[in-house]
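Enquirer: for reference, the sequence and a predicted model appear below.
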Amino acid sequence: MQVTGNRSLYRTYWQTGDAVYVRVQAGSPESVLLAAPNPWAEAAALFEYGQRLTVLDESAGDYVRVRTWGLGVDIEGWVTRAALGTYAPPLSDAERQELEEAGAASRSRMEPNGEQLVSPELDQALDRVSEHETDLNRLLGGDPFNPDPALLRARFRAFGEQGGLLGD
Amino acid sequence: MQNKRNVWANRLLLAGIVCTVAGCGLFNKLKETVSALEDAKVADNYEPSEQYYIGRGVSAVIVDKYPPVEAKDQGSERQITYVNEMAGYIEAASKGVTRSARKLGDHTKRSYDEQEHVYNLVLFKGMQVGLLQTDDVTAFATPGGFLWVSMGTVKMCNNEDELAAVIAHELAHIILDHGMANYRTAYKGQIFTSTLSETWFSGDGLGANFGRLVTTFAEDAFKGYNPEQEFEADNWGTRALAASGYAPDAMVKMLQSVEAYEKAHEIDPEDYLAHHPPIGERIKAVQDLIKTEKLTGNSKTMTPEAITARNKRFEEAFK
């Protein structure tokens, strides 16, 4: 797989009508279309990784107003600016699998001479990190493998409310 | 001949454009832009997904040294849920902090491009906080949103606001991209041929450089970030406490607890605390920030009822 052009030279400010792409994982708290440009707004829709959106208004600081479509219906709302990129992130299922497998490279330990040696301890530790992630998905997002970002956001907000932290 | 003529015509046109730009006083601006774009190649060489996998690998090295508290351990589900809800809440409530703070103390300078990179940092899967089964006072933040806090650190905190100060400080290292910034500084120039992205896109497979990346980050994680970054994390963390409704001076109290811990324990020279700036200087810097920025705390969130509610759930989770 080769990339043409310089993928690094992304823009972070857009014009009305520009196409942008979601660059966070589905299930991340940022993978949602918000009803208003604030962190506690209701989630109007959920995004997939790489989903194409159209910019409508980008004047609200950390949020961009966008239009997306699904099931034949246009939906408009707000999304965190940093969750968007100007190119389609190349992460198909096959590529994701490749990246997952590459993570296994961290199962090796670098020796002082620069040699990488496979470490059973690190291998086990990586499994514990994976287990930790599925536990968090289950405890906070309601599903070990497909956490619900709307549920996550609601929990964060409830934490603030119950602690008397939201003020207003 | 026609081609040669076209080449010379193009050269003349280019020279004309350059002269015009120079004549308009924009030549230096153009040079700066080109330089910024060159820097941008380095600054944005890692996608959020790649940072996540780097952080995951570094987390394995941390967990290898300090066993994590697991959800299956008795009573720990509540603890794990509590710290993750807290971190998720602070992260969401602090969205505007980085942009609104024109300057995060006097210690860290960023180019325009680096600052834009920080503004546009996003976590591929959100925050993931883990607790470590050690009484050492220690905490780690890795690229990609992994944050590890020792039970010793939790026990050191006297209330929820102080634990929030720990989380906010560590979150700052992630939000301000300290880990990747160190890597870019160390490997600037080499990064084009050695990044995960380059390896990935060249089709050579990912494994070749991943181990080296993870090892580099893990070494940084155990050494701690550099003193300038620690000051900056205190600064951002204090502003984040204020933005989240917590008491900003909880950062001072938390640092004073660390100071007491340092006095009571012999700090291993290899321990991350040994690499932090003197704690007294950090406390003074935060006190100065609170005074100059008038971060007195939100009167609506600092009512006795609100403080009691927070401390009750902190006690229920950990005592």
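Expert: Looks like it arrived, so ask away. Remember, it's a predicted structure, so these values are computed and weren't measured experimentally.
Enquirer: from here on, contacts and neighbour counts on C-alpha atoms
Expert: Will do.
Enquirer: return the set of buried residues in the one helix or strand A:Leu151 maps to.
Expert: Assessed by DSSP states H and E, A:Leu151 sits inside helix A:149-162. Buried positions in helix A:149-162, judged by neighbour count with 16 or more other Cα atoms under 10 Å in any protein chain shown: A:149-160.
Enquirer: and the helices in chain A?
Expert: A:93-103, A:120-141, A:149-162 (DSSP state H).
Enquirer: weakest of those by average pLDDT?
Expert: Ranked on mean pLDDT, the bottom entry among those is helix A:93-103, at a mean of 58.
Enquirer: got the helices of chain A as JSON lines, with distance to chain B columns?
Expert: Putting the helices of chain A into JSON lines (distance: least, Cα to the nearest Cα, whole Å) gives the following:
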{"stretch": "helix A:93-103", "distance to chain B": "5"}
{"stretch": "helix A:120-141", "distance to chain B": "5"}
{"stretch": "helix A:149-162", "distance to chain B": "5"}
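Enquirer: now do the strands in chain A.
Expert: A:19-22, A:32-34, A:43-46, A:52-60, A:63-70, A:73-80, A:84-85, A:108-110, A:116-118 (DSSP state E).
Enquirer: please pull out the lowest mean pLDDT helix or strand from chain A.
Expert: Lowest on mean pLDDT, DSSP states H and E among the helices and strands of chain A sits strand A:108-110, with a mean of 52.
Enquirer: about what we covered before: which residues does the helix holding A:Leu151 contact?
Expert: Applying Cα atoms under 8 Å, 6 or more residues apart in numbering or on different chains, the contact partners of helix A:149-162 are A:26-32, A:40, A:42-43, A:46, A:140-142, A:166, B:85-86, B:88-89, B:92, B:309-310.
Enquirer: that helix versus helix A:120-141: what angle between them?
Expert: Counting by axes from the mean of the first three to the mean of the last three Cα atoms, to 10 degrees, helix A:149-162 lies at 70 degrees to helix A:120-141.
Enquirer: for the stretch 151-300 of chain B, give me the ranges with low pLDDT.
Expert: The stretch 151-300 of chain B contains residues with pLDDT under 70 at B:184, B:186-216, B:267-275.
Enquirer: distance check, B:Gly224 against B:Arg313.
Expert: According to Cα to Cα, to the nearest Å, B:Gly224 and B:Arg313 sit 30 Å apart.
Enquirer: which one of those two has more residues nearby?
Expert: It is B:Gly224, of B:Gly224 and B:Arg313, that has more neighbours when counted by other Cα atoms under 10 Å in any protein chain shown, with 23 against 16.
Enquirer: would you agree the more buried one is in contact with B:Ala233?
Expert: No. Applying Cα atoms under 8 Å as the test, B:Gly224 and B:Ala233 come out as separate, 11.9 Å apart.
Enquirer: narrow the contacts of helix A:149-162 to just the buried residues.
Expert: Taking 16+ other Cα under 10 Å as the criterion, what is buried in the contacts of helix A:149-162 is A:26-32, A:40, A:42-43, A:46, A:140-142, A:166, B:85-86, B:88-89, B:92, B:310.
Enquirer: start and end of stretch B:145-164, how far apart?
Expert: End-to-end distance for stretch B:145-164: 16 Å, by Cα to Cα.
Enquirer: no more questions from me, cheers.
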